[in-house]
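Peer 1: Structure for this input, please:
(chains A, B, C and D, ligands or ions: 4)
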Amino acid sequence: MTGFIRTAFTRYPMEIILALLYIYLSFEAPGFFTVNNQLNVLRNITMQGIIAFGMTMVIISGEIDLSVGSGVALAGCVIAWICGEYTDAIGAPAAVIIGAVVAIAIQVTLGVLTGRVRQWFSVPTFITTLALLTMLRGAANLITGGFPLATFPSWFTTLGSGFFYGVPIPVYVFVVVFAVTHFIMKFTSFGRSVYAVGGNPEAARLSGINIWFVKSATLGITGALTAISGILIAAQIGSGNATAASGWELDVIAAVIIGGTSLFGGKGRIWGTFIGVLFLGFVVNGMTLLNVSEYWQYVVRGALILGAVLFNYVLEKLR
Amino acid sequence: MTGFIRTAFTRYPMEIILALLYIYLSFEAPGFFTVNNQLNVLRNITMQGIIAFGMTMVIISGEIDLSVGSGVALAGCVIAWICGEYTDAIGAPAAVIIGAVVAIAIQVTLGVLTGRVRQWFSVPTFITTLALLTMLRGAANLITGGFPLATFPSWFTTLGSGFFYGVPIPVYVFVVVFAVTHFIMKFTSFGRSVYAVGGNPEAARLSGINIWFVKSATLGITGALTAISGILIAAQIGSGNATAASGWELDVIAAVIIGGTSLFGGKGRIWGTFIGVLFLGFVVNGMTLLNVSEYWQYVVRGALILGAVLFNYVLEKLR
Amino acid sequence: MTAGRIEVSGLRKAFGPTVALDDVSHVFEPGRVHALMGKNGSGKSTLVKALSGALQPDAGRMFINGREVSFSSPADAFANRVVTVHQELSLVPELSVGENIFLGRLPFRQRLGISTLDWNKVHTDARRLLEDMGLDIDPRRPVSSLSVGRQQVIEIAKAMAFDPTVLLLDEPTSALARAEVEHLFALVRRLRERGVTMIYITHRMSELFDIADTCTVLRDGRLVGSIEMEGATTDRIVGMMFGDVARATRPAGEAEQIGGDVVLSVRNLTRRGAFEDVSFDLRRGEILGMAGMLGAGRTEVLRAIFGADGFDGGEIVVDGMPVKQPTPQAMRQLGIGYTPENRKEVGLVQMLSIHDNLCLASLPVIAPSGFITRSREAPYVSRQIEELSIKVGDPMLPVSTLSGGNQQKIVIGNWLNTRPKVMFLDEPSRGIDVQAKQQVFEIMWREARLGISSVFVSTEAEELLEVCDRILVMRAGRIVAEVDPSTTSISDLYGLCMEEHAAEDIVEDAGMTATGDQ
Amino acid sequence: SAEDRTIAGIVFQQDQFFRTIQLGMEAAAKAAGAELLEANSESKPEKEVNLVDTFVSRGVDAIVISPISATASAPALQRAKDAGVVIVTYNSGVDGDIPVSYLNSSQRDLGETTGKSAAAFIKDQLGGKAKVATLGFKALLPEVSGDRVNGFLDEAGKGGDIDVVSQQDAWLAEKGVAVAGDIITANPDINIIYAANEGGTVGAVQAVRNAGKQGEIFVFGIDGSEQLANFLLDDDNVLQAVTAQQPFEMGSMAVKAALDALDGKEVEKTVIVPVLSLSRTDPAAVEAFKEDLKNLQ
Ligand SMILES: Nc1ncnc2c1ncn2[C@@H]1O[C@H](COP(=O)(O)OP(=O)(O)OP(=O)(O)O)[C@@H](O)[C@H]1O
Ligand SMILES: Nc1ncnc2c1ncn2[C@@H]1O[C@H](COP(=O)(O)OP(=O)(O)OP(=O)(O)O)[C@@H](O)[C@H]1O
Ligand SMILES: [Mg+2]
Ligand SMILES: [Mg+2]
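Peer 2: Ligands and ions are numbered 1, 2, ... in the order given. Next up is the predicted model:
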């Protein structure tokens, strides 16, 4: 029995930590253990979660993307702007679809370009995406002129806040993205290449893997997911907003690392990120339910991130 | 002659870029080329610059510190709080000194601890300092209750905004920190160990270098410089402020990288960081003087960071 | 008389389930050269690391000159003047040669009352030291601009600079050319005269008789025994290492089966500063040797053909079709495989499993559709493990847990899974024990029987003569001769490689300009 | 004369409110033929200091600014004043006798105005009892946030018996959705959510919709925008009332004050810019507000 517990602890440290947190909150936080709240948490983690799955691939491939927060804002503003300009001419559904396609295309292009800039000019993705972090925020503001653009047809907003069989619609997107990225990393040769490229780029290259294709692709995928997240957020708040999602880059990276992915590349799991995203989601939700004061929230949140990573390490050592 | 130009370009790419920017601004930006404005730029870059020199050491040693922005805020709040509590009891000068010592001690301890946590638990400094980024901000808010603490004696504020022989006082601190860190990195065995530890930690270890001491020390030094910067800012704005310096971590890292330091460790120069800091300082100052619109500033700033790093690379290739 | 008596008693070290050292007790007499032998993974490096403070044993005691010591870090070992040249290169690539040599104890001088690093002294001392060792290397050059062999020499210079009483050398010659080995041996003899005690690890049997006074053998972490070299025989030592090992020879008459068709043809391949005007044909089922001294340009040629690096001019023809833009992917598709000389750094993804490393290059073969499962890969993995007799417990363990020889086989197996037509094997026998070496040769012969051609680069003339159908000799970036192994003696081949002795330095310096760190 | 006057206009955030202020400033500067330099201090006290110093060395004649903090912003502005620059503050004030003129809508006023609507609502619709949650921005601007929240609570309390069950921060819309959603979960019997800015108000409304609590939970907010106006006109009865400032007026009046002072004219030391109450009960006013906004953009 103790053997069993020990095995569970050492094999699934983050799962255990999450479960403990869950049990604690169920007892202590008013309203935590209700269907409504569970769905709420799911909806709230969706947006960052979607991106976190892409970021996991990027980090496993040995790169990083700091531009996701601004990318979310830009995508929302792009779709809102296109809806505003073209709804009259081509009708709302067409405008929404074109807007979504353009928003996604922009982010994918930027992601792939980031990879290529790394290839051609050896500029680390850290610095390229750091530059994009400010540039995209600026672009979003230029598009909107600083005002929220409330240009969406009302049915579009249900995409963000509606329900389907009692479950918020974004949650379906989240689950699909989780499943697809999990599948890619586990059951495709592309996924295998991502690990190899992150673990030892030169060895991967000499094994005939096109490492720049792989890195650019993970960045492009993350771009697409960033845009999807941006569109969902625009749908949720009903407008394109240049101030949306500021500071998300660090939240998303935190979720990925809590999930056990190594910042140095080559190691990590989509499932782990799923756990990491849930963990952060429950922490934020729990603190609000417990009405923890804003200032303490900062402290507690940081301490829990650090604690989770530390605990993870200690348990891995026991194995 | 062209050979000379070519050599200059390839050996001193960032210096050339900076000079070009300087010449451009002198002609185009009203008020740029005045003694007042030059001093102003110097004063403005001082605070981030001081930290950037420490960050250069941290990055060369193969680590990173994301907590500097919050650290600045915390240090300012700590000294303000101590002045508020103890001025009556022990007099203003003693309170200021004790406050400064305590503020510095806290940051040094946190820096060293970050290094030790990396040593003992293999937690990357990226994640520890990411956690500190939120925790220290929360702590600063808890100390001040969210309100600026204007508890300083009036002579203290001259430290931030006063002049000495016509030059703003913080500039002296900046110059001293530059000279000292430059000296350390070039002419002490500790400095050389920093390069070795970042370039090949195992080789450094086998050469008898205590790599954890070196890494912890660079983090501790950066902590001290962060605190000094925080104290100077508190002096400049006349109060301890929990919202100060938010987002600085990325600015400081950008300056270091623009200066040619490699994010992967082992390579970089304090002098380069000096250039990087000046570059960013002139960019910000120039855009304000040229009345570049707020939104374009984001775009231009990102583009210039990216452009500088790219240009640097291209010139290095020509060499 | 001397200070360097080393005694270990009951030394034990385990890495998880692997026991690397098991109750090892032995005395290494002062002032002598003690060879330490044993197959891959027998614990030699671990013993040396314990003695150098690089790792701490789980149990046991160590005595230097009768005084018990306990090293908690390499610095403690240095304090006792115990100095080590480790198996893995331990230089800092970004720093200069001089700085690397004195790393950890750079010289100082007083300037305006402050003690500052004395860069002049660093570089002049380094230059003197290098000259002493018969080397002409600018101490201001960054180490990263030197070839692997040169780096190894710097490593040794670094150890010398400590003025050791005990010097531990872990495979110092594995990356050295013959001339440099001679330099090293001269140095070792000089140190022995000064009374320095040395422990010397190697897989090259011939070196033992040249340099060692005693030979101590480890097997699976246990001490097998120790003999005086005087009167020892190779068979005796090999017997201690393995019990018994059959020396493989190529089945007679095989060489005649080489097909007539040319699978790979290289014409006038040139890269300025590295190699020039390289042309050769490779026929089906042929094993083509490439002999040459360190830095002759063999690695560069293979990498250029494989598309890993570019070249300035020339043509590569595979199966009669010129290759326009060679990249590793394109060449893999054309049926060419390449196992690099530094397998630890670029041959394997150390943190991935044995399983994954065996499938790295063959993903498109195993999964043409792009979808893949472990069970689909499993037959490929088990086939290589079986056919190459790779010693593994669980293929899901990281490849880093394997010993050098087995890692080398993984690199080869990774490529055999792609069903190649041509294999480039760059120093496949470097740093692996006699048995593993024989197995690698047998793999080459077997694949040749199946019609796979190989290009086999080695610095050991004996090996080339034993294994190859034909041998090209490279010198200073050019192919200078082609020899038939059946009519060539070892000394002839060495002679061909070494002519115009200084050529090595010329090529090396032509490719780059010296850029100092300071 | 006004033609060669240079005026610096400093905001501290990039949102609709400050954007409209900037538009007001631009209009006034243009009308007078003066040059306007614009900048954003991003709520960072140190950046504000840099901007003020930079503008002084550029030789501007006046600085029109919304200081981040009454205390923290004072030293730099004092320096500027000592250098002969005319200072006008708007929206938020600064300690000491620095500005020639100070224009604002009282932050308390804003909260109180919405609070009055809420008081009436509580009395008429909720039978004089309400459970209330608030969304502020304490970690961003504690002073302003406090004024708006407390002003609201003081006035709303006059409508009956109110019980404040949760006070949280959320000033961006997406954060507001999450936090308000959590609050609703923790306190299912809540009646009123008050949000102290535009983002928070949008977030609170969407959270109520997400929870399907239309008609059970009512939102009161601050700020005016097209989206908030639409919410007030929407028949789902979630958003009840907001109080908008008149940023365009504030911006243009502030620049005018600066120009007047430079011309040596008398300017009023303190000017209160009236706030605008928008309520579900007066759809015509909401429509008019929307129209004004359209003309601006
Ligand atoms: N850091 C480590 N972690 C886990 N296992 C290790 C580690 N270092 C060595 N081992 C294992 O300990 C055993 C002895 O290794 P060691 O390096 O001492 O062998 P060696 O005799 O030097 O071999 P070689 O001739 O290949 O260099 C091997 O089984 C090896 O896999
Ligand atoms: N990265 C590099 N930068 C500069 N010069 C290099 C580099 N790699 C190799 N060289 C130089 O190119 C020449 C050819 O080296 P190469 O490694 O091909 O020789 P080799 O015959 O394969 O010898 P080895 O036995 O060391 O592998 C050498 O003089 C070497 O110093
Ligand atoms: Mg070994
Ligand atoms: Mg080679």
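Peer 1: check contacts around residue 152.
Peer 2: Just going to use chain A. If a contact means Cβ atoms under 8 Å, 6 or more residues apart in numbering or on different chains, then A:Phe152 has A:80, A:83, A:92, A:96, A:234-235, A:238-239 as its contacts. To be clear about C-beta, it is placed using only N, CA and C from the backbone, and glycine gets the same treatment.
Peer 1: The intended chain is chain D.
Peer 2: Taking Cβ under 8 Å, 6+ apart, we find D:Phe152 in contact with D:111-112, D:114-115, D:118, D:134, D:194, D:196, D:220.
Peer 1: Would you mind measuring from it to D:Asn237?
Peer 2: The gap separating D:Phe152 from D:Asn237 is 20 Å, by Cβ to Cβ, to the nearest Å.
Peer 1: Now the residue in the stretch 51-200 of chain D positioned nearest to ligand 4. Its backbone dihedrals?
Peer 2: Proximity of the stretch 51-200 of chain D to ligand 4 (Cβ to the ion) peaks at D:Glu174, 56.6 Å away. In this entry, D:Glu174 is assigned phi and psi values of phi -70, psi -30 (degrees, to the nearest 10).
Peer 1: and what of D:Phe289?
Peer 2: With angles defined as degrees, to the nearest 10, D:Phe289 sits at phi -60, psi -40.
Peer 1: can you tell me which residues contact it?
Peer 2: D:224, D:229, D:244, D:276, D:278.
Peer 1: For the last one, the count of nearby residues, please.
Peer 2: Neighbourhood size, D:Leu278 [other Cβ atoms under 10 Å in any protein chain shown]: 27.
Peer 1: Pull up the per-residue confidence for the closest residue to ligand 4 within chain C.
Peer 2: Closest approach between chain C and ligand 4, counting by Cβ to the ion: C:Thr299, at 2.9 Å. At C:Thr299, the pLDDT value in this model is 92.
Peer 1: didn't it look like it was pressed against C:Asp426?
Peer 2: Yes - C:Thr299 is within contact range of C:Asp426, at 5.7 Å (criterion: Cβ atoms under 8 Å).
Peer 1: Please identify which of these two sits among more neighbours.
Peer 2: The neighbour comparison of C:Thr299 against C:Asp426 (other Cβ under 10 Å) goes to C:Thr299, with 25 against 22.
Peer 1: what secondary structure does the more buried one sit in?
Peer 2: helix (DSSP: H, G, I helix; E, B strand; the rest coil).
Peer 1: so who does it touch?
Peer 2: Listed by Cβ under 8 Å, 6+ apart, the contact set of C:Thr299 reads C:341, C:426, C:457.
Peer 1: Now secondary structure and distance to D:Asp169 too, for these, in TSV please.
Peer 2: Output for those, formatted as TSV (DSSP: H, G, I helix; E, B strand; the rest coil; distance: Cβ to Cβ, whole Å):
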residue	secondary structure	distance to D:Asp169
C:Glu341	coil	60
C:Asp426	strand	61
C:Val457	strand	66
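Peer 1: Could you check which residue of the stretch 1-150 of chain A lies nearest ligand 4?
Peer 2: Proximity of the stretch 1-150 of chain A to ligand 4 (Cβ to the ion) peaks at A:Ser122, 25.2 Å away.
Peer 1: returning to what we had before: of the contacts of A:Phe152, just the buried ones, ChimeraX syntax please.
Peer 2: Here is the ChimeraX command that picks out the buried ones among those, judged by 16 or more other Cβ atoms under 10 Å in any protein chain shown:
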select /A:80,83,92,96,234,235,238,239
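Peer 1: Could you save the contacts of A:Phe152 as a markdown table and add columns showing pLDDT?
Peer 2: Listed next are those as a markdown table, based on pLDDT from 0 to 100:
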| residue | pLDDT |
| --- | --- |
| A:Ala80 | 96 |
| A:Cys83 | 96 |
| A:Ala92 | 91 |
| A:Val96 | 96 |
| A:Ala234 | 93 |
| A:Ala235 | 92 |
| A:Gly238 | 88 |
| A:Ser239 | 89 |
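Peer 1: so residue 48 is in which element?
Peer 2: Chain wasn't specified; assuming chain A. helix A:35-60 (DSSP states H and E).
Peer 1: if you could check chain C rather than the one you did, that'd help
Peer 2: Assigned by DSSP H and E, C:Val48 belongs to helix C:44-51.
Peer 1: Distance of C:Glu155 relative to ligand 1?
Peer 2: Distance of C:Glu155 to ligand 1, computed by Cβ to the nearest ligand atom, to the nearest Å: 16 Å.
Peer 1: show me the contacts for that residue.
Peer 2: Contacts of C:Glu155 (Cβ under 8 Å, 6+ apart): C:85-86, C:89-91, C:172.
Peer 1: what's the closest of those to A:Phe126?
Peer 2: C:Leu91 (26.5 Å; Cβ to Cβ).
Peer 1: Tell me if the closest one really is in a strand.
Peer 2: No - checked against three-state DSSP, C:Leu91 lies outside a strand; its state is coil.
Peer 1: So what's the residue count around it?
Peer 2: Per other Cβ under 10 Å, the neighbour tally for C:Leu91 reads 25.
Peer 1: What of the one 4 residues further on?
Peer 2: Residues contacting C:Leu95 under the criterion other Cβ under 10 Å number 25.
Peer 1: Does it touch C:Ser145 like I think?
Peer 2: No - C:Leu95 lies out of contact with C:Ser145 (Cβ under 8 Å); the separation is 11.6 Å.
Peer 1: how close does the most centrally placed residue in chain A get to chain D?
Peer 2: Closest residue to the average C-alpha location of chain A: A:Ile51 at 2.2 Å, with Cα atoms, centre = their mean. According to Cβ to the nearest Cβ, to the nearest Å, A:Ile51 stands 13 Å off from chain D.
Peer 1: Which residues are in contact with that residue?
Peer 2: A:Ile51 makes contact with A:68, A:72, A:222, A:225-226, A:229, A:248, A:252 under the criterion Cβ under 8 Å, 6+ apart.
Peer 1: before we move on, what about C:Leu89?
Peer 2: Contact analysis of C:Leu89 by Cβ under 8 Å, 6+ apart lists B:203, C:148, C:151-152, C:155.
Peer 1: ok, now which ones touch residue 21?
Peer 2: This is for chain A. Residues near A:Leu21 by Cβ under 8 Å, 6+ apart: A:279, A:282-283, A:286.
Peer 1: could you do chain D instead?
Peer 2: D:Ile21 makes contact with D:9, D:11, D:66, D:90-91, D:247-248, D:250-251, D:254, according to Cβ under 8 Å, 6+ apart.
Peer 1: And the contacts of C:Leu89, which two are furthest apart?
Peer 2: Using Cβ to Cβ, the contacts of C:Leu89 span at most 14.5 Å, a distance reached by B:Ala203 and C:Val148.
Peer 1: Who has more neighbours out of these two?
Peer 2: Using other Cβ under 10 Å as the criterion, B:Ala203 and C:Val148 rank with B:Ala203 on top: 26 against 18.
Peer 1: ok, the more buried one touching C:Glu99?
Peer 2: No - between B:Ala203 and C:Glu99 there is no contact under Cβ under 8 Å: 11.7 Å.
Peer 1: Are there residues contacting both of these two? Which ones?
Peer 2: Counting by Cβ under 8 Å, 6+ apart, the contacts common to B:Ala203 and C:Glu99 are C:Val92.
Peer 1: returning to what we had before: out of the contacts of C:Thr299, who's nearest D:Lys138?
Peer 2: Each of those was scored against D:Lys138 by Cβ to Cβ, and C:Glu341 proved nearest at 62.4 Å.
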